[in-house]
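Undergrad: give me the fold of what follows.
(3 chains)
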Amino acid sequence: MMPSVAFTSMLSCAVAVSTVIAAAQTRDPRRSGFEDMSRESQAMQRDDTANPGMFAVLEGEELWRAKVGSRKTSCADCHQNAEVSMRGAAARYPSFSTAWNGPVDLQGQINLCRETRQNAPPFPLEGPELLALSAYVGKQSRGMSIAPPDDARLEPFRRQGEALYNMRQGQLNFSCANCHEDHAGQRLAGSLIPQGHPTGYPLYRLEWQGIGSLQRRLRGCLIGVRAEPYAYGAEEYIALELFLMSRARGMAVETPAIRP
Amino acid sequence: MARVLINLPKAKRGEIVEIRTLIQHPMETGYRPKGDGTSFPRDIIRNFVCKLNGIEVFRADLFPAIAANPFIAFTIKAEEGGTMTFSWIDDRGRSQTETADFIVE
Amino acid sequence: MTERSVQPKLSRRAALVGGLALIVARPARATPEAMQDAIRDFIGSAPVRAGRVKMDIPPLVENGNSVPLAITVESPMTEGDFVKAIAVFNEKNPQPNIGVFHLGPRSGRAFVSTRIRLGDSQNITAIAQMSDGSFWSGSVELIVTLPACAEN
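TA: Numbers count the residues shown, from 1 in each chain, chains lettered A, B, ... in the order given. Just a heads-up that it's a prediction; the model follows:
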């Protein structure tokens, strides 16, 4: 009766293996950069009183209520309580703007509001005010799933972003994918190469000793591969963000995140 | 005025609690080069003092090697509650003081 | 507070502020010797014994601009036996001092935590001054890597 015993154990072994494979298939292979940080940096992000990104959120909260422009209007005058009205907003950007007839990122939308609703000059891109307001709005989506809008008008721009992501460029002739797909999880010098999901922007980067947008991060990558970076606000950045947000669909918003 | 974040937990009498403080400040070292060959002038917070009901309970002397947006955490044994003040003093002698109630049950 | 500088550019300011002797040297870096001098300023002529000071710091630093550092000193922290101060030094930043933290029996524990800057892989030393006048030290050797993709 030995063979039958062996058969039984083989069978149970096969069942066990297939269970493991099934588990691996259902587990999301995507990783936020958060998971690969040191426990100290993770603790810095988890605790709002230890996270310097919260300074931008506090400043953004003040700006939200500030009456500006010739109409002396605040964000709150239209949108009331951001904790209610802005919940989930950042998780849906970039979205399609009929005013622009193209995609607009959150920062662009804030400036659009300033120009068209508040009659105020737009904030300088990557300036402290725009970072602060987008950090404040972004924080209202913290913990929510990234949910790019299913809008067919965005699709050509998302595809443009995907093409840019896969396009080799710069003197080093690297695409984003060369690092963040082919070598994610490995190290470049001492630094871990993340999968590049934009889950926590604007975020406080230890390297910057300050808060910055996804565009600043992308600019850093472009300089890293010795390519000419696009100007802040360029359509290429917005296209890249559209693609990256669709790639990160379902992942949790972490704004304001901490990264090394 | 710089923005400040303070984590001051409630305490039971006799308990030792950790107080965490964070202040928005560039901590400009004086060594960071400008494009023109000179350096950005030094601008750091050089002193931090925490007092409970006017009595000093913790003090720190800081140097440019403290990271931007200085984070300082320390402990206190909760013997009495009261008014806790947190003061930061910069290179130019300017100070900022924040006040919080230390609740001891 | 002793103001020391190894950066000639800072001489005038440091002299105005501290009014103390300056070490003027090139390159603009502390050295193990400069660290020893800074330690000497803190301890005077007293001996330093190794031990009782524990430093909690990640061995491989993610970014030298902000390195989490926590220091704990073995002490009962009573009126009769407590840690008065903890001073932290480095050997390769432009200046050897990092910070001096003043504690007392009210602290309950001899503990302090902060975030520091480290320009290079190096030795970090913390020295605790006890209420009985003795000094104890702990050291740690750290590896600081430069970011792979510097921005500019």
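
Undergrad: show me the helices in the stretch 1-150 of chain A, by range?
TA: Remark: helices assigned in the stretch 1-150 of chain A by DSSP state H, counting those that start in this stretch are A:2-26, A:39-46, A:53-65, A:75-79, A:82-85, A:106-116, A:128-139.

Undergrad: list the buried residues in the fifth one.
TA: Buried residues in helix A:82-85, defined by neighbour count with 16 or more other Cβ atoms under 10 Å in any protein chain shown: residue A:82. All C-beta spots, glycine's among them, are computed from the backbone N, C-alpha and C.

Undergrad: just the C-alphas of that helix, formatted as CSV.
TA: Taking Å, rounded to 0.1, in the frame of the first residue of the first chain, the C-alpha atoms of helix A:82-85 are listed here in CSV:
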residue,chain,number,x,y,z
ALA,A,82,-12.3,71.1,2.7
GLU,A,83,-12.4,68.0,5.0
VAL,A,84,-15.8,67.3,3.4
SER,A,85,-15.7,68.9,-0.1
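
Undergrad: mean confidence (pLDDT) on it, please.
TA: Across helix A:82-85, pLDDT averages out at 98.

Undergrad: contacting residues around it?
TA: With contacts defined as Cβ atoms under 8 Å, 6 or more residues apart in numbering or on different chains, helix A:82-85 is touched by A:61, A:64, A:75-76, A:79, A:136-137, A:140.

Undergrad: how distant is that helix from the center of its chain?
TA: 20 Å (Cα atoms, centre = their mean, to the nearest Å).

Undergrad: list the residues that contact residue C:61.
TA: Applying Cβ under 8 Å, 6+ apart, the residues contacting residue C:61 are C:67, C:118, C:142-145.

Undergrad: okay, and the beta partners of it?
TA: Taking DSSP bridges as the rule, residue C:61 bridges to residue C:144.

Undergrad: so for it, what's the pLDDT?
TA: Residue C:61 is assigned a predicted lDDT (pLDDT) of 86.

Undergrad: just residue C:148 next, same as before
TA: 59.

Undergrad: middle-most residue in chain B, spatially?
TA: residue B:48 (4.6 Å; Cα atoms, centre = their mean).

Undergrad: what's the neighbour count on the residue in chain C that chain A sits nearest to?
TA: Here chain C gets closest to chain A at one residue, residue C:145, 2.6 Å apart by Cβ to the nearest Cβ. Residue C:145 has 15 neighbours, counted by other Cβ atoms under 10 Å in any protein chain shown.

Undergrad: now do the contacts for it.
TA: Applying Cβ under 8 Å, 6+ apart, the residues near residue C:145 are A:189-191, C:60-61.

Undergrad: for the buried ones among these, write the corresponding ChimeraX selection.
TA: To isolate the buried members of the contacts of residue C:145 in ChimeraX, using 16+ other Cβ under 10 Å:
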select /A:190,191 /C:61
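
Undergrad: tell me where the chain has strands.
TA: Since you didn't name a chain, this refers to chain A. A:95-97, A:102-104, A:187-188, A:191-192, A:203-205, A:210-212, A:258-259 (DSSP state E).

Undergrad: should've been chain B
TA: B:4-7, B:16-23, B:45-52, B:55-62, B:71-77, B:82-90, B:95-102.

Undergrad: deepest of those strands, which one?
TA: Ranked by mean neighbour count under mean count of other Cβ atoms under 10 Å in any protein chain shown, the strands of chain B are led by strand B:71-77, which reaches a mean of 22.

Undergrad: show me what that one is in contact with.
TA: A:50, A:52, B:11, B:14-22, B:48, B:50, B:52, B:57-58, B:60, B:102, C:70, C:77, C:101, C:103, C:105-109, C:111-115.

Undergrad: pull the residues that contact stretch A:66-76.
TA: A:63-65, A:77, A:82, A:113-114, A:117-120, A:133.

Undergrad: out of those residues, grab the one that's most surrounded.
TA: residue A:133 (29 neighbours).

Undergrad: separation between it and residue A:124?
TA: The gap separating residue A:133 from residue A:124 is 12 Å, by Cβ to Cβ, to the nearest Å.

Undergrad: in chain C, which helix has the most residues?
TA: The longest helix of chain C (DSSP state H) is helix C:32-43.

Undergrad: may I see the buried residues of the helix or strand just after that one?
TA: Counting by DSSP states H and E, the next helix or strand C-terminal to helix C:32-43 is strand C:48-50. Within strand C:48-50, the residues that qualify as buried are residue C:48, counting by 16+ other Cβ under 10 Å.

Undergrad: what comes into contact with the helix or strand just after strand C:48-50?
TA: For strand C:48-50, the following helix or strand on the C-terminal side (DSSP H and E) is strand C:53-56. With contacts defined as Cβ under 8 Å, 6+ apart, strand C:53-56 is touched by C:69-74, C:86, C:124, C:126-128, C:136-140.

Undergrad: got a list of what the closest residue to residue A:130 other than its chain neighbours touches?
TA: Using Cβ to Cβ, 6 or more residues apart in numbering or on different chains and skipping residues adjacent in sequence, the residue nearest residue A:130 is residue A:123, 3.9 Å away. Listed by Cβ under 8 Å, 6+ apart, the contact partners of residue A:123 are A:110-111, A:114, A:129-130, A:133.
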